[in-house]
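[1] sequence and predicted model, in that order:
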Amino acid sequence: MTLPLIVAITGATGVIYGVELLRVLKSLGQPTHLILSEAAGLNFAIETPYPLEEVRSLADVVYNNKDVGAAVASGSFRTRGMIVAPCTVKTLSAIANSFTYNLVVRAADVQLKEGRKLVLMVRETPLHRGHLELMMRAADCGAVILPPMPAFYHQPQTIMDLVHQSIGKALDQVGVEHELFRRWSGHGPAAARHNAQEAQSAPSVPSVQPVPPPAH
Ligand SMILES: Cc1cc2nc3c(=O)[nH]c(=O)nc-3n(C[C@H](O)[C@H](O)[C@H](O)COP(=O)(O)O)c2cc1C
């Protein structure tokens, strides 16, 4: 049985990271359990054309953020881990202090106490010392701090290439195989041969096509 991965989407800019994460995991057949913070709902309306119902439909199970008695609130409910994409400073702060006032934070705290992977795609800039200390505190408790910072060595052509590179890095952390971006394999003639071979071989997992915005 494949254990579910918990995906939480909070109210930082970049809720598209969470949507694409859900879409990719669905295409890979990886079960997902979704928690949306209340603030994430506002950002969906501001930043994307997606109705919340469409976002929820990408997950296998959807929880209410107020339901701190949900399955994922207990360590006895087994999961593959959890990715918070994107993660606000507020949610980071609550996680770093085990202030489990909602299901996102409780589920994250459970992953840490059970020694499972918790990946926080923290999004804020610039960062003051307090933000950095919160990240250190969460990292000391076992969280992986993985801000969505774009890379360019894979020669992205579209915004979605950048989004996929960041969520691909998060999926690497929880051991989900994917082909979301071309990995660095060095440079020079040997690397060029390797890259040419890679380009010719078929991907081992389905690629994800961008989905057009819903008709209103
Ligand atoms: C358009 C928009 C963008 C925001 N971007 C960020 C952000 O990048 N990082 C952040 O920490 N908070 C951001 N916020 C503020 C959070 O939404 C706010 O602190 C909220 O209370 C967080 O709640 P949550 O962690 O439960 O989602 C943003 C708010 C709005 C409306």
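    Yep, that arrived.
[2] ok, longest strand in the protein?
    Longest strand in the chain, counting residues (DSSP state E): strand 81-87.
[3] the helix or strand following it: how far from the chain's middle?
    Sequence-wise, the next helix or strand downstream of strand 81-87 (DSSP states H and E) is helix 89-96. Averaging C-alpha positions (CA atoms, centre = their mean, to the nearest Å) puts helix 89-96 16 Å from its chain's average.
[4] can you give me the angle helix 89-96 makes with strand 81-87?
    Interaxial angle, helix 89-96 versus strand 81-87 (axes from the mean of the first three to the mean of the last three CA atoms, to 10 degrees): 150 degrees.
[5] contact partners of the helix or strand following helix 89-96?
    For helix 89-96, the following helix or strand on the C-terminal side (DSSP H and E) is helix 103-113. Helix 103-113 has contacts (CB atoms under 8 Å, 6 or more residues apart in numbering) with 6, 8, 10, 35, 37, 63-68, 70, 72-75, 79, 81-82, 84, 91, 94-95, 98-100, 117-118, 120, 141-143. Yep, even glycine has a C-beta here, placed from its N, CA and C like the rest.
[6] of those, which belong to strands?
    Among the contacts of helix 103-113, DSSP E puts 6, 8, 35, 63, 81-82, 84, 118, 120 in strands.
[7] pLDDT for those - can I get that in CSV?
    Output for the ones in strands among the contacts of helix 103-113, formatted as CSV (pLDDT from 0 to 100):
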residue, pLDDT
Ile6, 98
Ala8, 98
Ile35, 98
Tyr63, 98
Gly81, 98
Met82, 98
Val84, 99
Leu118, 98
Leu120, 99
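[8] which of those sit farthest apart?
    Farthest pair in the ones in strands among the contacts of helix 103-113 (CB to CB) is Tyr63 and Leu120. Separation: 18.5 Å.
[9] ok so, going back, of the contacts of helix 103-113, which are in range of the ligand?
    Among the contacts of helix 103-113, the ones lying near the ligand by CB under 6 Å from any ligand atom are 10, 37, 91.
[10] which members of the contacts of helix 103-113 are classed as buried?
    Taking 16 or more other CB atoms under 10 Å as the criterion, what is buried in the contacts of helix 103-113 is 6, 8, 10, 35, 37, 63, 65, 68, 70, 72-73, 79, 81-82, 84, 91, 94-95, 100, 117-118, 120, 141, 143.
[11] sorry, back to before: need the ones next to the ligand among the contacts of helix 103-113 in TSV (columns: pLDDT).
    Below are those laid out as TSV (pLDDT from 0 to 100):
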residue	pLDDT
Thr10	98
Ser37	98
Thr91	98
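[12] will you turn those into a markdown table that also has distance to Gly188?
    Rendered in a markdown table, the data for those read as follows (distance: CB to CB, whole Å):
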| residue | distance to Gly188 |
| --- | --- |
| Thr10 | 42 |
| Ser37 | 46 |
| Thr91 | 43 |
